[in-house]
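Got a sequence here, can you build the structure:
(one chain, ligands or ions: 1)
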Amino acid sequence: MNESFQAVKISEHVYWVGAIDRGIRDFHGYSIDQGTTYNAYLVLGEKVALIDTVKASFKDELLARVASVVDPSRIDYVVSNHAEMDHSGCLPAIVEAVKPEKVFASVMGVKILAEHFDVPAPLVAVKDGGSLSLRNLTLSFTETRMLHWPDSMFSYVREDGVLFSNDVFGMHLASSQRFGDEVGSWEYQAAKYYANILMPMSGLVTKLLAKMAGMDMDLRIVAPDHGPIWRKDLTEIFSLYSGWAARKPSNRALVVYDTMWESTAIMARSIASGLEAGGARVKVMPLKSSERSDIATELLDAGALVVGSPTMNNNLLPTVADSLTYLKGLKPKGLIGAAFGSYGWSGESVAQVRDYLTAMGVDMAREDVRVKFVPREADLDQCVALGSSIAAALREL
Ligand code: FEO
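You can find the predicted model right below:
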């Protein structure tokens, strides 16, 4: 075993035994500029349980960290809180290597794991509210269905007050430090994670927070499947989640665009100046230098989304289609917006952008601006007026 991989003790009976992936930059379309961790945990009772595994290529790192505490063959049970492959990818190989008695998952988890792999151990379903005895410790389970997969669940070690929260309360941040109070600035990465993974399920997040508040838990540590572990002030991450889930639109507007020969860029600047003159805070995000997942993050508290594209070959630009497709899937609520762009002869892009935004549920009550070739003064006045009109609507929120 590689002795450079050590477990980290997080409570009397629980160790972090995950893996650090510093090189990853794309997570199914979500750009992660700080890498990530795949957190797995060892619960060392009289019976030994492994909570989640890691991405397949990090199996040896997981086993080495387990071996720094206990012989991996002592693992009696594996609990799968979430079947996505960043947490289950090496499950069959781990089961093959350590031969646990059983693998536990939610009812949907058992089904989904069986649809992914031939797991060489009995797969046993646990119910919402069910528990598993490790003799001197008890693991209890709470279904968190659709946060963010149908199988997702929390596990809780009652005696240590440790909650294993799968992806919820996590973030993509590779660090040598394991705890939130050690890693310095993490708020943007936590917001980015929420926006790109959990935003479509915000209603369920609100319900989950209410359910957690009513649960009989002496919660001391929250241990997610990515990024830092929360101890000390747990209310900070809970309160951020509560705010993001509520998504109260502010008077911030995003102006997102791509451009061919600068006409759409010039329009974007005029729209931004109209927004600013009307008292809105504005973030202009040119797609040549902005990632779709950062735009999603900005949408957590934005009140308006204004999107521009020139027309090329009867279409909006592929970069704009890419971002709009991605953002539509994240279902941001309560936005107002408009479309704009330049064209040479056919000019379909603005209507196409409008269709995307309409499909996202954006309030598109304002008239779009569409300009032939190069905007003139009157066109730019129209852009400024569009910005002012959106700013006025934001003032009324
Ligand atoms: Fe971290 Fe949904 O997997």
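
In this protein, which strand is the longest?
Taking DSSP state E as the criterion, the chain has its longest strand at strand 336-343.

which other helices and strands contact that one?
helix 263-277, strand 304-308, strand 311-312, helix 349-359, strand 369-372, helix 377-395 (3 or more CB pairs under 8 Å, 6 or more residues apart in numbering; DSSP states H and E). Bear in mind the C-beta positions are built from the backbone N, C-alpha and C, glycine included.

Out of the ones you listed, the one nearest residue 193 is which?
Each of the helices and strands packed on strand 336-343 has some distance to residue 193 by CB to CB; the shortest is strand 304-308, at 20.5 Å.

starting at the chain centroid, how far to that closest one?
22 Å (CA atoms, centre = their mean, to the nearest Å).

Could you pull up the mean pLDDT of that strand?
Strand 304-308 shows a mean pLDDT of 98.

what's the burial count for the one residue in the chain that gets nearest to the ligand?
Residue nearest to the ligand within the chain: residue 84 (3.6 Å; CB to the nearest ligand atom). Using other CB atoms under 10 Å, residue 84 is surrounded by 18 other residues.

Now it: closest residue in space that isn't a chain neighbour?
residue 149 (6.1 Å; CB to CB, 6 or more residues apart in numbering).

Over to residue 326?
Residue 326 sits nearest to residue 292 (CB to CB, 6+ apart), 4.5 Å away.

Residue 65 now?
Residue 65's closest residue in space is residue 17 (CB to CB, 6+ apart), at 3.9 Å.

so the one you found sits right up against residue 43, yeah?
No: Residue 17 is beyond contact range of residue 43, at 10.3 Å (criterion: CB atoms under 8 Å).

Common neighbours of those two, please.
Each of residue 50 lies in contact with both residue 17 and residue 43 under the rule CB atoms under 8 Å, 6 or more residues apart in numbering.

can you pull out the strands in the stretch 51-200 of the chain?
Using DSSP state E, counting those that start in this stretch, the strands of the stretch 51-200 of the chain run over 75-80, 102-106, 123-126, 131-133, 138-143, 153-157, 162-164.

can you redo those as TSV with mean neighbour count?
Listed next are these as TSV, based on neighbours: other CB atoms under 10 Å:
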stretch	mean neighbour count
strand 75-80	23
strand 102-106	24
strand 123-126	16
strand 131-133	15
strand 138-143	20
strand 153-157	25
strand 162-164	26
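
With distance to residue 306 and mean pLDDT added, can I get these in CSV?
CSV is the format used below for the strands of the stretch 51-200 of the chain (distance: least, CB to CB, whole Å; pLDDT from 0 to 100):
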stretch, distance to residue 306, mean pLDDT
strand 75-80, 43, 98
strand 102-106, 42, 98
strand 123-126, 48, 98
strand 131-133, 51, 98
strand 138-143, 40, 98
strand 153-157, 39, 98
strand 162-164, 41, 98
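
Now render those strands as JSON lines, adding distance to residue 280.
Shown next, in JSON lines, are the strands of the stretch 51-200 of the chain (distance: least, CB to CB, whole Å):
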{"stretch": "strand 75-80", "distance to residue 280": "46"}
{"stretch": "strand 102-106", "distance to residue 280": "44"}
{"stretch": "strand 123-126", "distance to residue 280": "49"}
{"stretch": "strand 131-133", "distance to residue 280": "51"}
{"stretch": "strand 138-143", "distance to residue 280": "41"}
{"stretch": "strand 153-157", "distance to residue 280": "40"}
{"stretch": "strand 162-164", "distance to residue 280": "40"}
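
Could I get these in a markdown table, plus columns for distance to the ligand?
What follows is the strands of the stretch 51-200 of the chain, written out as a markdown table (distance: least, CB to the nearest ligand atom, whole Å):
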| stretch | distance to the ligand |
| --- | --- |
| strand 75-80 | 11 |
| strand 102-106 | 14 |
| strand 123-126 | 19 |
| strand 131-133 | 22 |
| strand 138-143 | 15 |
| strand 153-157 | 12 |
| strand 162-164 | 13 |
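
and the gap between the residue nearest to residue 232 when sequence neighbours are not counted and residue 230?
Using CB to CB, 6+ apart and skipping the chain neighbours, the partner closest in space to residue 232 is residue 181 (5.2 Å). Residue 181 sits 8 Å away from residue 230, going by CB to CB, to the nearest Å.
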